[in-house]
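Colleague: how would this look folded up:
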Amino acid sequence: MKKHKVYLQELSAEFSEADYSKFYEVVMRRIENGELVPMKSAKNNGRKPALPLCFWEYEKEADYTELYEELKYRYHPRINTFYYREHPECYERDREKLQLLSDYLKDHSELLLVQETMNERSFEIFHREKYFQREGGLEFCRKIGISREQLAFYETSEPLSYYSRSKQTPQNILIVENKDTFFDIRRCMNAGHDRILGKQFGTVIYGAGKGIWKTFADYVNGAESYFLGDNELFYFGDLDYEGILIYEHLLEQKEYQWDRQGNGSARMIQLFRKAYEAMLDKALQIGFSALPDMKEKQNSNIGTVFLDVFDEERRRQIHEILSAGKYIPQEILNEHDW
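Modeller: Next comes the predicted model:
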């Protein structure tokens, strides 16, 4: 049984001086019931009749017998109630959610034969569309042994933003990290130019920084069929640790590997080297010391796959910039440079 120290003054807060006799009766009754135990070292209050100035207050242990029975028999057999049997004090908080999920599994399990988005399934079961995403629903399901595969939902990302000047295949496709560069190259293509720094491109994709790690899944799942043709993909981003890691992480993703029939053979996303060399040349003109400072606390644990694309002199320039805490944004290049 849990106990904590409590002072007579705290217990008397709801009683006036005139009610002392009534207060005395209440305290004595609680002592008789075992709820209060006078501390051995406590002095008394000097009143008649006297009361100790300090007590141990014992909390009654809750009787969870009915809850244990409910947890044992009430819920769908797929739901593992072990966590709540071990932590019955948490059960009442999550009881409604357990009942909603159990009823859904009993009465609507046929709906799980078709995958839905995370928010759709969340609302269908719990009547709250963001329960999985923002309100602890995934942790709740983990506690009861229910996986996202069992609930047949998938996460969505922001739609892939791209512009295609041509739908012919094969073609070269350029992924750019930043919005301004995407708009600039799209405008250039719209004006009838299909070459960027001398290389022909049919499509430009807006990567949205690290967002490309999620949105690029839409490339395979939702893009037009010509995207999956025998195309060559190129990447171009900021020249800083974060931009380099975005590219290196892209190369590791299974979602970005496929063949013409969508069977999943690897296709390398190449670095658009000419764009980085143009950035370095322009940075040399203004001086590396004039470049902006890199954002603090960037992960500098880059691999070698990015740097290996460049010759020794270019690698030296890149190391010089990064070691000085500087970076080159994509926006150093504009329509005058393409």
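
Colleague: looking at the chain, which helix or strand is least sure?
Modeller: Ranking every helix and strand in the chain by mean pLDDT, DSSP states H and E puts helix 217-222 at the bottom, with a mean of 62.

Colleague: what lines up beside the helix or strand just after it in the sheet?
Modeller: The helix or strand immediately downstream of helix 217-222 is strand 232-236, counting by DSSP states H and E. Note on strand 232-236: by DSSP bridges, its sheet partners are strand 172-176 (parallel), strand 269-271 (parallel).

Colleague: show me the helices in the chain, by range?
Modeller: Secondary structure of the chain (DSSP state H): helices at 8-11, 20-32, 65-73, 82-86, 88-107, 118-126, 131-134, 137-143, 179-190, 212-215, 217-222, 241-252, 273-286, 312-323.

Colleague: rank those by pLDDT, which is bottom?
Modeller: Of all these, the minimum mean pLDDT falls on helix 217-222 (a mean of 62).

Colleague: hang on, the earlier thing: turn the strands paired with strand 232-236 into JSON lines, including mean neighbour count.
Modeller: C-betas here are computed from N, CA, C, even on glycine. Formatted as JSON lines, those follow (neighbours: other CB atoms under 10 Å):
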{"stretch": "strand 172-176", "mean neighbour count": "24"}
{"stretch": "strand 269-271", "mean neighbour count": "18"}
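
Colleague: could you tell me the least trusted of those strands?
Modeller: Across these, strand 269-271 gives the lowest mean pLDDT, at a mean of 88.

Colleague: measure residue 43 to residue 149 for me?
Modeller: 65 Å (CB to CB, to the nearest Å).

Colleague: residue 251 now?
Modeller: Residue 251 is 27 Å from residue 149, by CB to CB.

Colleague: so who does residue 148 touch?
Modeller: By CB atoms under 8 Å, 6 or more residues apart in numbering, residue 148 lies in contact with 118, 138, 141, 154.

Colleague: drop anything exposed from the residues you listed.
Modeller: Using 16 or more other CB atoms under 10 Å as the burial test, those include 118, 138, 141 as buried.

Colleague: between those, which is closest to residue 92?
Modeller: residue 141 (18.5 Å; CB to CB).

Colleague: from what I can see the closest one touches residue 151, true?
Modeller: Yes - assessed by CB atoms under 8 Å, residue 141 is found in contact with residue 151 at 7.2 Å.

Colleague: hmm, back to that, in JSON lines: the buried ones among the contacts of residue 148, plus distance to residue 282.
Modeller: Converted to JSON lines, these look like this (distance: CB to CB, whole Å):
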{"residue": "118", "distance to residue 282": "43"}
{"residue": "138", "distance to residue 282": "46"}
{"residue": "141", "distance to residue 282": "51"}
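
Colleague: ok, those vs residue 302, which is closest?
Modeller: residue 138 (31.2 Å).

Colleague: what about residue 143, how many neighbours?
Modeller: 18 (other CB atoms under 10 Å).

Colleague: brain fart, residue 44
Modeller: 12.

Colleague: hey, what's it bridged with?
Modeller: Residue 44 forms beta bridges with residue 52, as assigned by DSSP bridges.

Colleague: could you do residue 239 as well?
Modeller: Applying DSSP bridges to residue 239, the residues it is bridged with are residue 328.

Colleague: OK, contacts around it?
Modeller: 276, 279, 280, 318, 321, 327, 328.

Colleague: for it, give its distance to residue 124.
Modeller: Distance of residue 239 to residue 124, given as CB to CB: 46 Å.

Colleague: picking up where we left off before, how about the contacts of residue 148, which pair is most distant?
Modeller: So, these by CB to CB: farthest apart are 141 and 154, at 14.7 Å.

Colleague: show the pLDDT at the residue in the chain sticking out farthest from the centre.
Modeller: Ranked by distance from the centre of the chain (CA atoms, centre = their mean), the top residue is residue 48, with 63.6 Å. If you check residue 48, the pLDDT there is 89.

Colleague: from residue 21, how far out is it?
Modeller: Applying CB to CB to residue 48 and residue 21 gives a distance of 10 Å.

Colleague: now residue 308
Modeller: Counting by CB to CB, the separation of residue 308 from residue 21 is 89 Å.

Colleague: and if you look at residue 103?
Modeller: Taking CB to CB, one finds residue 103 at 55 Å from residue 21.

Colleague: and if you look at residue 90?
Modeller: 42 Å.

Colleague: could you do residue 306 as well?
Modeller: 84 Å.

Colleague: of these two, give the one with the bigger neighbour count.
Modeller: residue 306 (22 against 9).

Colleague: which residue is nearest the middle of the protein?
Modeller: residue 133 (8.5 Å).

Colleague: roughly how far apart are residue 290 and residue 315?
Modeller: Per CB to CB, residue 290 is found 21 Å from residue 315.
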